[in-house]
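> sharing a model that was predicted from the sequence below.
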Amino acid sequence: MQEHSLTAGLDARVELTVTDADTAQAVGSGDVPVLGTPRVLALAEAATVAATATGLPPGATTVGVRVELDHRAATVVGRTVVAQARLATVDGRRLLFEVSVTEGGATVAQGRVERLLVDRQRFVDRAARTS
């Protein structure tokens, strides 16, 4: 795999207008009609992927390996949340992101996501062998 050009400070944001399909009821993480934690995490991870999209060498991708997320506030259907990710640390293939999810300026969630830079085909082949 070629060297990457990822550096600390890269960032991206992803928006989501909450629908019924995004609620804790719909995703099975609770019984209330508010944005479910699994969707909050997926949105935060999407922002990390977007932050690295242009700096990856050909044939490379990143995979999530560790997450710390505090989901602090409920968001009702119809509201728009914004996930922001900033690449805080680059240590070889290890990428550590600081993430936040906000709604109207209020913090919905924040935490850290660690991703690992891998050769896409080798990763898929290895996963298929161990399944």
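That came through fine. Nothing here was measured: the structure is a model prediction, and the numbers come from that model.

> okay, CA-based contacts and neighbour counts for the rest of this
OK.

> if the closest residue to residue 48 other than its chain neighbours is in a bridge, with which residues?
Spatial nearest neighbour of residue 48, chain neighbours left out: residue 85 (5.4 Å); criterion: Cα to Cα, 6 or more residues apart in numbering. On the basis of DSSP bridges, residue 85 is bridged to residue 12, residue 99.

> could you report the neighbour count for residue 5?
By other Cα atoms under 10 Å, 10 other residues sit near residue 5.

> hang on, the earlier thing: these two touch, right, the residue nearest to residue 48 and residue 96?
No: the pair residue 85 / residue 96 is not scored as a contact, 9.8 Å apart, by Cα atoms under 8 Å.

> of these two, who's got more company?
More neighbours surround residue 85 than the other of residue 85 and residue 96, with 30 against 23 (other Cα under 10 Å).

> which helix runs longest in the protein?
Criterion DSSP state H: the longest helix present in the chain is helix 37-52.

> other SSEs contacting it?
Secondary-structure packing of helix 37-52 (3 or more Cα pairs under 8 Å, 6 or more residues apart in numbering; DSSP states H and E): strand 11-17, helix 24-27, strand 60-71, strand 80-91, strand 94-103, strand 106-119.
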